[in-house]
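# got a predicted structure plus its sequence, pasted below:
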Amino acid sequence: IKFANAKRVLFLVDRNNLARQTKREFEQYITPDDGRKFTELYNIQHLTSNVFDPVSRVCITTIQRLFSMLKNEPEIEEELEEHSLYEIAPKDDKPKEISYNRNIPIETFDFIITDECHRSIYNLWRQVLEYFDAFIIGLTATPSKQTLGFFNQNLVMEYSHERAVADGINVGYDVFRIKTEITEEGGKIPAEFWVDKRNKLTRERRWEQLDDDFEYDAKNLDKDVVAEDQIRTVIKTVKDNLSTSIFPGREIVPKTIVFAKNDSHAEDIVRIAREVFNKGNEFCKKITYTTHKKTGEKAEDLIASFRNSYNPRIVVTVDMISTGTDIKPVECLLFMRNVKSLVYFEQMKGRGTRVISSTDLQAVTPEVTNKTHFVIIDAVGVCESDKTETKPLERKPSVPFDKLLLQVAIGARDEDVLSSLANRLARLDRSLNPEDRKKIETISGGIPYKKIINNLLDGLDPDVKIEKAKEIFHTETPTNQQIDEASKLLINKACEPFDKPELRETLNELKKKNEQTIDTTSQDRVKFAGYDSQAKEKAQSYIDSFKKFIEENKNEITALQIIFNQPYGKRHLTYENIKELSESIEKPPYNFTTEFLWQAYEQLEKSNIRGAGPQKLLTNIISIIRFTLGESEILEPYYETINKKFNEWLDVQLNMGKKFSSEQIDWLNMIKDHIISSLKIEMDDFELAPFYEKGGRFRAYQLFGQDLTLILDKINEVLST
C-alpha cells in the first residue's frame, strides 16, 4: 500500500478460521517507521457479507465467498466457509467458470495475496484468482510443483525451515516413536466373548456374543474396530515419558495437539486422555467441525483458550487446526493417524514450529523459560511412511462421503465426483428404512430419494443429455454445444438438493448409522518407546560437525585460541571473545546454535546432561565447548556452574571467619549474576544496572571499603576460569 500505492489489497484465504486469524494479525501489527498500528493507518474489512466496504484498503475473505459474489449468488452458507478447500476440493475438477460481473470490476483490487497458496485448489478456482487485473502474490510454507507451476516458477523469495531455525524464527523438532502390538499387528477377540457394538453416530452401545473368533488388522483400527487399550497404552506411554524423556524435568504437560483419524476416534482419545492423566474436562478438549453441535462450545473460543490460557493442555483434532492456525505455545504433536500427503504432513508439523516470547509462553506454561524445540510423538509411523507430493485423491472412492457432499456443494461438477456420489447414495439406500427415505424427501423439497440418485446419473447419461437438448432447443439434431448446455442444466438441477446443509447433515448421519466393534478384551503392549534412530543420527552428525568446526578454527577465533593455548586456571575470556565465537558458529555453512547443540547432546548422552536445557545466555557456549573437549564430564547450564563455584567460594570465606552483611550478600549475588551473563566484572560495571540503581560504585566502596578491588579480582579468578 505504501510503496506500490495500491488502492485496495485482497487477502484471500480458504476458510474463515484463517480469515479471523489474519484480521487479528493486521490489528496487532505495528509499522516499523512510525510505530503506529496498521489499523490506525488503513481500514481493514473481514468480508462476512457480499458487500465490499468502499473505504477499506485491505479486504480479507474466503475464496468460496468471493466466488459466490462473482456469480451473483445469494449469501454463502457459513458452513462452507469453515471447511478448508484443501481438505474437500477435488484434485482434478475443471476450473470454475466465471463471466464478467459489472458490480465487481476487474480493477477492484491492485494486489491479491493468497495465503496458504500450496493448497491444491488452482484447477477448481483458477478463474476466481485470474478474474481480477491484479498482481497475485502467493504465501506458503510448503509449495508443491503445482504451486510453482501456477506462478510460472516465479519464486520471488524462499526462506527454508533450516534457515528459519538457525535465525530463531522457527524451532526445530525431535521425533519420539511409540510402537505397540495392536497398533502394528491388529488384534483378536476369542469366540464366545461378549463385545460392545457401538453406533458411530449416537455412540449407544449394545452387547453381542461372538460365534467365531473376531480378528482385525491394524488398518481397521478406529474405523470398524476400537481397541480401547491400544489408545490407552499410547496415551499412558506418553504420560510416563513426558517428564523423563520427552521433556525432562517438566511437571506441567506441554501444550499438545493430537491428530485423530475421525471425529469418533477424537472422542475416544479425549475420554481416555482425561482418564489416564486423571484430569477434568478442561484439561483435554476436542476441536473439530462438529464440536459446537455436541457441546455448544465454539471452535474459535476453544482455540483461543488453547492459545492464551493454561487449559486446555491437550486438544484433539482431525483436520480443523492441522493447517494454517497459529498456536505458538504448542510444544508437542501426537500423531495417532497416518498422513499420505507430504504437503499436508509438513503443514501439520508447522503447528509446532512457531516461536513464542518467554513472557507469552510462561503465561500458559509457567515452568518453561523458552521454547527451544518441539517434539513429534509418532504413534503410527507417520514419519516413516511414504508420502506423495500432492493430495492423494487419485480415485474418488478414497474421498470420504462427507467431503464428497461438500465438493458438490462448493460447485464440483465433474463426472468422477457425481458418479461416485450417485454410487455412494445407492449403496446407502440399502440400509435405509421408510422413515429415513421420507425424511430425506421432505428436506430435499419433495424429491424422492431414488429420484435424487437418478437425477445425478441422468446428468451423465449421453442419451438423456441428447433428449434434453432436443426438448429445450426444439430440434431433432442438437449440436455438441447444445448438448453441453443441456448437460449443465441437468447436472446443476441434480446438484441443487445438496446445497441444503440440512440434507448433507442428514445424509452424513444416516451414513454413520453403522456400528463399531469395541474391543475391551485385548491388552496392548509397548514394543518400543524412545527417540527414533534418525534423530540420534542427526544429533551425532550435528556434534561431529561442531567438533570439526572447533578443530578448524582453534587458531582463528580468539576464544578458542585462549581455551586451547592457556592453562585452565589462567584462561581469561572476555564477553567480546564469546560474542565473536557465538557469531562465528551461527554463520553458514554450520548454522550452529547453543539450543541445538544442547538438544543434540541430550539425545546422545542423556545421563551426562544436567538441567532441562539452556537459557538463552551467550555464555552457555562455554559449557558446551568444555564438554565437547572433554574438560567437563557433565554438561550443565553455565549459570549452574557459576552458582556452584560462587557458593563454594562463599563457604570458604565464611569458614575463614569472614562475615558479610545481608546487603553485602545481595551485592555479591549481583556480581555473580553479572559474571554469568558477561564472564567477568570490572569497576566500571558498577555504573550499569542493576548496580547503578543500588548506589553504583560509591555504594560498593561504602560496603566493602578497601577490600572491594581484592574481592573483585578473587571472584573473577574463581568464577571466570
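All right, it came through fine. Residues are numbered from 1 along each chain as shown.
# where along the stretch 101-250 of the chain do the helices fall?
Assignment of helices within the stretch 101-250 of the chain using DSSP state H, counting those that start in this stretch yields the ranges 122-130, 145-150, 161-166, 181-185, 228-241.
# among these, which gets the worst mean confidence?
Of all these, mean pLDDT reaches its minimum on helix 161-166 (a mean of 70).
# returning to that earlier point: nearest to Glu467, out of the helices of the stretch 101-250 of the chain?
The stretch from these with the least distance to Glu467 (CB to CB) is helix 122-130; that distance is 29.8 Å. All C-beta spots, glycine's among them, are computed from the backbone N, C-alpha and C.
# Glu184 is in contact with Lys527, correct?
Yes: with contact taken as CB atoms under 8 Å, Lys527 and Glu184 are classed as touching, separated by 6.9 Å.
# please tell me how far Phe176 sits from Ile112.
Here the criterion is CB to CB, to the nearest Å. By it, Phe176 lies 41 Å from Ile112.
# equivalent analysis for Lys465, please.
Applying CB to CB, the value for Lys465 to Ile112 is 37 Å.
# also Arg271?
Going from Arg271 to Ile112 by CB to CB gives 44 Å.
# for this protein, what's the longest helix?
With DSSP state H applied, the helix covering the greatest number of residues in the chain is identified as helix 533-553.
# report the distance from it to the chain centre.
Going by CA atoms, centre = their mean, to the nearest Å, the spacing between the C-alpha centre of helix 533-553 and its chain's C-alpha centre is 28 Å.
# could you pull out the buried residues of whichever helix or strand comes after it?
Read in the C-terminal direction, the helix or strand following helix 533-553 is helix 558-565, with elements assigned using DSSP states H and E. Using 16 or more other CB atoms under 10 Å as the test for burial, helix 558-565 gives 559-560, 563.
# for stretch 550-560, how far is the first residue from the last?
In stretch 550-560, first residue to last residue: 7 Å (CA to CA, to the nearest Å).
# what mean pLDDT does it get?
82.
# and stretch 366-385, by the same measure?
Averaging the model's pLDDT scores along stretch 366-385 yields 88.
# could you export it as PDB, CA atoms only?
Presented in PDB, the C-alpha positions along stretch 366-385 are these (Å, rounded to 0.1, in the frame of the first residue of the first chain):
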ATOM      1  CA  PRO A 366       4.700 -21.200  33.800                       C
ATOM      2  CA  GLU A 367       7.600 -23.500  34.400                       C
ATOM      3  CA  VAL A 368       9.200 -23.100  31.000                       C
ATOM      4  CA  THR A 369      11.600 -20.300  30.200                       C
ATOM      5  CA  ASN A 370      12.000 -20.700  26.500                       C
ATOM      6  CA  LYS A 371      10.500 -22.800  23.700                       C
ATOM      7  CA  THR A 372      13.700 -24.400  22.200                       C
ATOM      8  CA  HIS A 373      12.100 -27.100  20.100                       C
ATOM      9  CA  PHE A 374       9.000 -29.200  19.800                       C
ATOM     10  CA  VAL A 375       8.600 -33.000  19.800                       C
ATOM     11  CA  ILE A 376       6.600 -35.100  17.400                       C
ATOM     12  CA  ILE A 377       5.300 -38.200  19.200                       C
ATOM     13  CA  ASP A 378       4.800 -40.700  16.400                       C
ATOM     14  CA  ALA A 379       2.400 -43.500  17.400                       C
ATOM     15  CA  VAL A 380       1.600 -44.700  13.900                       C
ATOM     16  CA  GLY A 381       4.800 -44.400  11.800                       C
ATOM     17  CA  VAL A 382       3.800 -41.200  10.100                       C
ATOM     18  CA  CYS A 383       7.400 -40.100  10.000                       C
ATOM     19  CA  GLU A 384       8.400 -43.400   8.300                       C
ATOM     20  CA  SER A 385       5.600 -43.900   5.700                       C
END
